[in-house]
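Colleague: can't give you the sequence, but here's the structure:
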């Protein structure tokens with residue numbers, strides 16, 4: 001079989017699919033599966049937990065259908081964008097012809113490539129708009145990387161009376177986002193793993209995407225992309241027990257990103273854990289960082305609360321990445337969790353885009 005395809009689009013699809021490949025000693029898992037049917041070429045990759053397929057338009061020159069598994073790194077090195085590309089499928093090889101350039105690569109049998117099988121059991125279909133997906137992904141900065149508590153290594157997604165709720169926590173901070181979606185995903189709580197979240201965030205879905213979820217697997221499809229992932233088999237903590245209400249000391253920031261920038265400029269001691277002391281004063285907060293006799297002090301103008309507390313500067317920077325404008329902060333005392341809300345919450349007629357709970361630290 002011979003097909004003609006745009007080299008740039010083909011190379012982009014191979015690179016995108018190859019991003020989910022993990023370093024393993026199993027040759028077939030280092031390949032991408034190429035499946036041509038005359039109208040499009042499907043480029044697939046898997047790491048046995050995630051499975052991704054991207055469709056690229058092509059023109060059939062001869063034959064009906066063909067499939068082959070090709071080493072992803074060699075394929076990326078072989079294709080040069082900018083010219084039309086002819087792909088000739090042989091029994092144990094493929095030829096890549098572009099102008100006078102000809103590359104022949106050995107292949108593995110397509111039937112050896114692992115296939116994604118939808119788990120049996122009740123599944124729920126739903127649709128997400130780009131805005132709803134973005135709302136869910138807002139919480140991904142809270143995902144833990146601690147492997148011992150593997151059930152925190154992803155985003156917990158479940159249904160509420162208002163739509164869908166996404167939560168991520170590492171025990172030090174908790175990110176929560178309520179999305180007003182009409183999706184029905186059943187009564188269970190699902191944990192989408194960190195690697196799948198990264199793949200979802202990086203994909204160009206081009207509009208609404210269709211989803212399907214059950215107790216074992218979640219899958220998404222849109223704009224010629226199919227992504228499926230196993231879910232984390234574990235129980236997400238009962239986060240409701242640590243939720244903080246909007247009461248106690250209240251501080252208001254007109255630009256939370258500027259407050260975070262002041263903290264980052266103060267936490268200059270790389271050897272330390274970047275703990276910063278925040279003290280309320282007239283007209284704002286005094287920001288102070290001390291390490292082995294070295295001292296940095298700064299000041300941020302805002303409407304301060306009444307509580308003195310300490311924070312990890314990196315965690316504040318993560319919060320500023322998702323709450324970029326006006327922000328309200330609540331805290332009962334210096335040892336209590338801190339609640340950060342975007343000021344849309346104050347209007348009362350919309351759900352907050354995201355809310356964050358941060359544990360203070362002693363400094």
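Modeller: In hand now; what should we look at? From a predicted model like this one, the values you see are computed outputs, not experimental measurements.

Colleague: Poorly predicted segments of the chain, please.
Modeller: For the chain, the stretches with pLDDT under 70 are 118-120, 270-273, 344-352.

Colleague: And the helices in it?
Modeller: Using DSSP state H, the helices of the chain run over 7-18, 72-78, 130-137, 194-202, 256-266, 313-322.

Colleague: Indicate which one of those helices is closest to residue 243.
Modeller: Relative to residue 243, the nearest member of the helices of the chain by Cβ to Cβ is helix 313-322, separated by 16.5 Å. The way it works is simple: take the backbone N, C-alpha and C, and place the C-beta from them, glycine included.

Colleague: Run through the neighbouring helices and strands of the closest one.
Modeller: strand 173-179, helix 256-266, strand 275-281, strand 355-358 (3 or more Cβ pairs under 8 Å, 6 or more residues apart in numbering; DSSP states H and E).

Colleague: Which parts of this structure belong to which domain?
Modeller: 2-112, 124-241, 245-358 (automatic domain parsing).

Colleague: Which parts of the stretch 201-350 of the chain are strands?
Modeller: 209-213, 217-222, 225-230, 249-253, 275-281, 284-291, 294-301, 309-312, 327-331, 338-342 (DSSP state E, counting those that start in this stretch).

Colleague: Among those, which comes closest to residue 9?
Modeller: Per Cβ to Cβ, nearest to residue 9 of the strands of the stretch 201-350 of the chain: strand 225-230, 12.8 Å.

Colleague: partners of the closest one in the sheet?
Modeller: strand 50-62 (antiparallel), strand 217-222 (antiparallel) (DSSP bridges).

Colleague: follow-up on the earlier one: out of the strands of the stretch 201-350 of the chain, nearest to residue 188?
Modeller: The nearest among the strands of the stretch 201-350 of the chain, by Cβ to Cβ, is strand 209-213 at 8.6 Å.

Colleague: on that earlier part again, of all the helices and strands packed on helix 313-322, which one comes closest to residue 193?
Modeller: Closest of these to residue 193 is strand 173-179, at 16.3 Å (criterion: Cβ to Cβ).

Colleague: Adjacent strands (with direction) for the closest one?
Modeller: strand 163-169 (antiparallel), strand 355-358 (antiparallel).

Colleague: any idea which of those strands is most buried?
Modeller: Burial of these is given as mean neighbour count (mean count of other Cβ atoms under 10 Å); strand 355-358 ranks first at a mean of 24.

Colleague: Name the surrounding residues that touch it.
Modeller: Strand 355-358 has contacts (Cβ atoms under 8 Å, 6 or more residues apart in numbering) with 142, 172-177, 242-244, 311, 315-316, 319, 322-323, 337-342, 345.
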